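Undergrad: got a structure for you, letters missing:
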């Protein structure tokens, strides 16, 4: 496994929260409960993902990407799992 360089920048929890709010507005999703209904992922798990307390498993990334209309890479960057591309 390749380690990120010391100069790699990752989304902070606040940046993740801001990104999610903007993305949900753009997709007309009004709340985490609404996102949970659309993705089939419970609200508690969604909250932990977007507070960077937990990373989503591979089996839920697809439904999140589809609902939020983003690529897996974009989602993982927003969740702080991958470094921001320069």
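TA: In hand now; what should we look at? Not measured: the values here are computed from a predicted model.
Undergrad: list the buried residues for the helix or strand hosting residue 59?
TA: Here residue 59 is covered by helix 58-68, with elements defined by DSSP states H and E. Residues of helix 58-68 classed as buried: 61, 64-65, 67-68 (neighbour count, 16 or more other C-beta atoms under 10 Å). Where you see a C-beta, it was placed from the backbone N, CA and C, and this is true even at glycine.
Undergrad: among these, which one sits closest to residue 27?
TA: Distance to residue 27, by C-beta to C-beta, is smallest for residue 68 among those, at 6.1 Å.
Undergrad: grab the nearest non-local neighbour of the closest one.
TA: Nearest non-adjacent residue to residue 68, counting by C-beta to C-beta, 6 or more residues apart in numbering: residue 23, 5.1 Å away.
Undergrad: which helix or strand lies directly C-terminal to the helix or strand containing the one you found?
TA: Per DSSP H and E, residue 23 falls inside helix 13-26. Following helix 13-26 in sequence order, the next helix or strand is helix 32-39 (DSSP H and E).
Undergrad: need the contact list for residue 8.
TA: Listed by C-beta atoms under 8 Å, 6 or more residues apart in numbering, the contact set of residue 8 reads 83-84.
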